[in-house]
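Engineer: Any chance you could fold what I've pasted below:
(chains A and B)
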Amino acid sequence: MKILKLAFIGGAMGLTAFSASAETFRWASNTDPQTMDPHAVNSAPVLSFLNNIYEGLVRRNQGMSIEGSLAQSWEPLSDDNGWRFNLREGVTFQDGSLFNSEDVMFSYERASSEAADVRSWFAPVKEVRVVDDYTIDFVTNAPNPLFPDSIANFMILDKGWAEANGAELPARDAENFATMNVNGTGPFTVTSRDPGIKTVLTPNAGWWGAAEHNVSEAIFTPIGNAATGLAALLSGEIDFIQPIPLQDVTQVEGRNGFKVLEGEETRVIMFGFGHEHEELLYSSDVTGANPFQDVRVRQAAAHAIDIASIDRVLFRGKIDGASQLVPAGISGYSEANSTRPAYDPERAKALLTEAGYPNGFSFGLKCPNDRYINDEALCRAAASMFAAVGLNAELSTGPVRDYWPQLREDAFDMYLLGWSPGTFDMEHPIRFLLSTPNSEKKLGSWNFGGYSNQRVDTLLPSIQQEIDPEKRQAMVDEVVAITQAEAAYIPLYTQPLIWAAKDNIDLTQRADNFFMLRWVTVN
Amino acid sequence: MVYFIVKRMIQSVFVMLAVAFLAFSLFRFVGDPITQMTGVETSVVDQERLREELGLNDPFVSQFIRFTGDMLQGDFGYSYRTRQPVADMITERVPATLELGVVALIISLLVGVPAGVYTALKPRGIWTQTILMTTLVGVSVPTFVIGIMLIFLFGVQLGWLPTFGRGGTVQIGNWESSLFTFSGWRALLLPAITLGVYQLTLTMRLVRAEMMEVMRSDYIRFAMARGVPMRKLHYKHAMVNTMVPVITIIGLQFGGVIAFSIVTESVFQWPGMGLLFLESIRFVDIPVMGVYLVVIAFFFVLVNLVVDLLYVAIDPRLRLRELE
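Structural biologist: So this is what the prediction gives:
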């Protein structure tokens, strides 16, 4: 049956003259998308994969800026807070049914339901109003200039299809029709899926856009073991793999016919402190006090880190030091505060002496060992740099599945964290990492150390609502300046992005680590 | 006989219960499924609600009772990771693991038995020494290293065999088999060798030791004196007697081959139960981990039972004892 279906679609594809040559493209990644339901899981592997099949009102282009997708244009509402989206006409879903504002309304209700994991995107939304078949208003509680950016991954389902197949809500416990089947408006559709083993995609002949790719069939295989993935590429069985480990870069570069694609992710790696903790938990020499509550101690820790050495030894010169919680190029990045604390062990020692710890002290440093590139090695290197100024870090590392629960339970003195701003704006880390934790207002949910600054808390809503870019930037600059002066975190560097492909493959490496089939050319 | 089987089956239920209990008491240390199921932007309130819905806040004992109760009623639950029914996920992966295990076993017997006989009959030959040395490497090098070495030699350097996956498969009822296509066999070869190496070495050494023992026994010496042809002596009288204990041990080891195919499956991205189990650990997919371990326990019990029955079938003395 599977084969028959494939043959049929293959035949259909042959009729629609897409590109000069028809090409099969095989690629691998380390994680299989858990579901085909775009509202069930808010994770990069799922959203990246489904962006090939489903589409949002807006989408990100190769340079990460927002452009129209199912919405042709959008403008702020004149009489209310929020946005009006003017939808594209004549778009059909892969099953042939017509796309209109009812589908957007339905998808909004579905994606903001309790069963959806993506519902936090709609926290600012007060109401959604269908104006006509191709106009829809998203009314927000307060002015929200960033709203269109924040829903780039909000994908639209066909109302009729979902209702006919009992997939009105995302599957929470048991699977439903949308877990395994798709019906999007996007450039590709799924022709067969074997979860964890193989997924086959073919171009959507009825796509409204002009295809830039020349792929006639794309086969995705998840390969969990990095060495196996590399072997699969080098043996020619796959055309492209994301990501490859840093230590394999020279292997790939050294071979004819392969290339390494390097870029920078938007993820900033940083150390965080237990600001709220009254005493150190893992210290052998300090009891009843938490030296990290003293800003001078936090600054000393920042001055102890030698990013240039970390770059040279651990990252083969592929990283840039970070001064704040987002990398340059992200909207809201504070140019005015773009210098990071200098590597200055003498100054660090002086600061420690000033704070009353001339001989330093010991503390516990928690790190994951399977979450970020070289995370464990980084922490080892940092621990020895800390030790050089008298900060004796007791390092403990573990897998990420156990790491977040430990941080939630406050089991750390200092910890490692990487943060990629989901909205590609500085507001995102301010909301999640710098706001005083408040579960009711959904603020500071990843601010494990409980950093709290009243001025930052007051500025956040104004930043979220300010429409004038200059005024907004001034407020963001103030937040960055405050948190730098207080050494709320120690931003370290931007994580590199390393993919590998055969020489004859052209593709786009986007900074959010999403891989889009519609930009693939097989030469 | 029937009594014997029924007794074993009842025992197996207790074994599986014990395994499930041990597994469940360990799951708490694997990590938090909720943080693996939800995205970074999911609020703490929503996480807590999900935790409550899945019953993860319940005490350990009631979670365990619910799990075993559901299982006894045939409800294996749904995966936290993919939301698919666990029973389907595991049964879909059984053929890949079983075919890999059986082919690995056959390779180990086809190579191990003749090699064992040869090294027993010519204990001082240069080939014997070579074989013994080589297989020593086979036991002492970890499986994943052997796998990676084979992949880089035959897959990357020579380009003869695929480096991952099952190749072409054929659907026979519910059974997805790779034994009926050429590409399926090509894909099966390297993982089967990797998985079979340890078993091969064990078989060879066992056959060698047994064979040398048998060759020293009185009836062989007597047959030699009578002038029975050497060929008949070696392959009829000596070898058959060697095989009885060998079959027992190899049979018992087969359960281990199935259970420990995890490493091989991971290295070759072989879509069997072991790979599923590894993915489940990464995502703290408790329902899948629980059912997998219980299924593996069942395999062990089943293999032991079959070996016991084989023993009765082969050895007439055991049947006599049963009758008395």
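
Engineer: so where is the stretch 401-523 of chain A shaky, pLDDT-wise?
Structural biologist: Residues of the stretch 401-523 of chain A meeting the criterion pLDDT under 70: none.

Engineer: Excluding sequence neighbours, find me the nearest residue to the closest residue to chain B within it.
Structural biologist: Of all residues in the stretch 401-523 of chain A, the one sitting closest to chain B is residue A:401 (3.1 Å; C-beta to the nearest C-beta). Yep, even glycine has a C-beta here, placed from its N, CA and C like the rest. Closest residue to residue A:401 apart from its sequence neighbours, by C-beta to C-beta, 6 or more residues apart in numbering or on different chains: residue B:31 at 3.1 Å.

Engineer: Just say helix, strand or coil for that neighbour.
Structural biologist: Secondary structure, DSSP: H, G, I helix; E, B strand; the rest coil: residue B:31 is coil.

Engineer: For residue A:455, which residues are in contact?
Structural biologist: The neighbourhood of residue A:455, defined by C-beta atoms under 8 Å, 6 or more residues apart in numbering or on different chains, consists of A:478-479, A:482.

Engineer: Tabulate those residues in TSV, adding columns for neighbour count, distance to chain B and secondary structure.
Structural biologist: Shown next, in TSV, are the contacts of residue A:455 (neighbours: other C-beta atoms under 10 Å in any protein chain shown; distance: C-beta to the nearest C-beta, whole Å; DSSP: H, G, I helix; E, B strand; the rest coil):
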residue	neighbour count	distance to chain B	secondary structure
A:478	17	25	helix
A:479	27	20	helix
A:482	16	24	helix
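
Engineer: Just the closest of the residues you listed to residue A:153, please.
Structural biologist: When those are compared for distance to residue A:153 (C-beta to C-beta), residue A:479 wins out at 25.4 Å.

Engineer: Which residues are in contact with the closest one?
Structural biologist: Contacts for residue A:479 (C-beta under 8 Å, 6+ apart) come out as A:426, A:430, A:434, A:455-456, A:459-460, A:463.

Engineer: one more time with 6 Å, if that's ok
Structural biologist: Residues near residue A:479 by C-beta atoms under 6 Å, 6 or more residues apart in numbering or on different chains: A:430, A:456, A:459.

Engineer: who wins for neighbours among these?
Structural biologist: Neighbour count (other C-beta atoms under 10 Å in any protein chain shown) singles out residue A:430 as the most crowded of the contacts of residue A:479, with 27 neighbours.

Engineer: Report the secondary structure state of that residue.
Structural biologist: In three-state terms, and counting by three-state DSSP, residue A:430 is helix.

Engineer: quick one on the thing from earlier: mind putting the contacts of residue A:479 in CSV, distance to residue B:107 included?
Structural biologist: Below are the contacts of residue A:479 laid out as CSV (distance: C-beta to C-beta, whole Å):
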residue, distance to residue B:107
A:430, 60
A:456, 65
A:459, 68
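
Engineer: remind me, longest helix of chain B?
Structural biologist: Ordering each helix of chain B by length in residues (DSSP state H) puts helix B:86-121 first.

Engineer: buried ones in it?
Structural biologist: For helix B:86-121, a neighbour-count test (16 or more other C-beta atoms under 10 Å in any protein chain shown) marks B:86-87, B:89-90, B:92-101, B:103-105, B:107-109, B:111-113, B:115-121 as buried.

Engineer: In which helix or strand does residue 251 reside?
Structural biologist: Reading this off chain A. Under the criterion of DSSP states H and E, residue A:251 resides in helix A:249-253.

Engineer: right idea, wrong chain: chain B
Structural biologist: Secondary structure (DSSP H and E) places residue B:251 in helix B:239-259.

Engineer: chain center to that helix: distance?
Structural biologist: 13 Å (C-alpha atoms, centre = their mean, to the nearest Å).

Engineer: what's the neighbour count on residue 44?
Structural biologist: With no chain named, the answer covers chain A. By other C-beta under 10 Å, 18 other residues sit near residue A:44.

Engineer: wrong one, I was asking about chain B
Structural biologist: Residues near residue B:44, counting by other C-beta under 10 Å: 16.

Engineer: what's the answer for residue A:495, then?
Structural biologist: Neighbour tally, residue A:495, other C-beta under 10 Å: 25.

Engineer: Doesn't it lie inside a strand?
Structural biologist: Yes - checked against three-state DSSP, residue A:495 lies within a strand.

Engineer: what residues are up against it?
Structural biologist: By C-beta under 6 Å, 6+ apart, residue A:495 lies in contact with A:265, A:267, A:269, A:373.

Engineer: does the third one really touch residue A:418, like I thought?
Structural biologist: The reference is to residue A:269. Yes - using C-beta atoms under 6 Å, residue A:269 makes contact with residue A:418 at a distance of 4.8 Å.

Engineer: Mutual contacts of the two, please.
Structural biologist: Residues touching both residue A:269 and residue A:418 (C-beta under 6 Å, 6+ apart): residue A:372.

Engineer: host element of the residue of the stretch 1-150 of chain A found nearest chain B?
Structural biologist: In the stretch 1-150 of chain A, no residue comes nearer to chain B than residue A:42, which is 2.7 Å away by C-beta to the nearest C-beta. In the assignment (DSSP H and E), residue A:42 maps to no helix and no strand.

Engineer: Number of residues surrounding it?
Structural biologist: Applying other C-beta under 10 Å, we find 22 residues neighbouring residue A:42.

Engineer: Run through the strands of the stretch 51-200 of chain B in chain order.
Structural biologist: B:170-172, B:175-177 (DSSP state E, counting those that start in this stretch).
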